[in-house]
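Trainee: Following is a predicted model, sequence given first.
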Amino acid sequence: MNEAVLAAANLSYRYPKQAAFALQGVDLTLSRGQVVGLLGPNGSGKSTLINLLMGLRTAQSGSVRPLGVRAPVIAWVPQEYAFYPQLSCRENLRFFASMLDVPTAERAARIEQVERACVLQEFATQLACQCSGGVRRRLNIAIALLQQPDVLLLDEPTVGVDPQARAFLLDQIRQLALEGTAVLYATHYMEEVSAVCNQILLLDHGRVLAGG
């Protein structure tokens, strides 16, 4: 279950016109069934690291490489809501599923699966803009899960939700790990890391202060 699927080695990145590195000399390995907590204050480099792992930015030095017999499917759940507020929850799922290179029947099955996993059936026909913060967070995750990812990158997934919704989201992350997903969980909250993570990576000013 703990097969490594994605590794970053000696990653360094500096934004244009910035003197200081946003990330410097970072190593990270993500494995199936493991949840790595990515901790650090604002400006510590958490989002930069996620962007590099996703391939949205290219490091000036170091590398990100897939491990195993095939390249892993990587999905990202950003801190911002990543859906169309004037569409219903199900319409959003149908739209994002339409981008997948799978048969129509498979898309429908995946939509049904993520609605059930994220407990969205009750809100399927409700406009996303009319849903609570907790439901919107679940929709954000459901859209990512349509890809059936091997690696799930979560950037502050519980921001702005009530305690009940937070508990649900943490349970969902535990279940994903049990099913073999490799999870990177970026957060400010140590109690969340203690609740769901097997390992931590503590960043400050772009450097790893502690890990393991």
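Mentor: Alright, I've got the coordinates. Residues are numbered from 1 along each chain as shown.

Trainee: ok, residue 136 - contacts?
Mentor: 81, 83, 128 (CB atoms under 8 Å, 6 or more residues apart in numbering). For glycine as for every other residue, the C-beta is placed from the backbone atoms N, C-alpha and C.

Trainee: now the strands for this protein?
Mentor: Secondary structure of the chain (DSSP state E): strands at 4-13, 23-31, 35-39, 61-66, 74-77, 151-155, 182-187, 199-204, 207-211.

Trainee: Can I get those strands in JSON lines including mean neighbour count?
Mentor: Putting the strands of the chain into JSON lines (neighbours: other CB atoms under 10 Å) gives the following:
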{"stretch": "strand 4-13", "mean neighbour count": "18"}
{"stretch": "strand 23-31", "mean neighbour count": "20"}
{"stretch": "strand 35-39", "mean neighbour count": "24"}
{"stretch": "strand 61-66", "mean neighbour count": "14"}
{"stretch": "strand 74-77", "mean neighbour count": "21"}
{"stretch": "strand 151-155", "mean neighbour count": "23"}
{"stretch": "strand 182-187", "mean neighbour count": "24"}
{"stretch": "strand 199-204", "mean neighbour count": "18"}
{"stretch": "strand 207-211", "mean neighbour count": "14"}
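
Trainee: mind checking which of those strands is nearest residue 140?
Mentor: With CB to CB, the closest approach to residue 140 among these belongs to strand 74-77: 5.4 Å.

Trainee: Paired strands for the closest one, with orientation please.
Mentor: Next to strand 74-77 in the sheet, as set by DSSP bridges, lie strand 151-155 (parallel).

Trainee: just curious, which of the contacts of residue 136 is nearest to residue 170?
Mentor: residue 81 (19.2 Å).

Trainee: Pull the number of nearby residues for that closest one.
Mentor: Burial measure for residue 81: 17 neighbouring residues, criterion other CB atoms under 10 Å.
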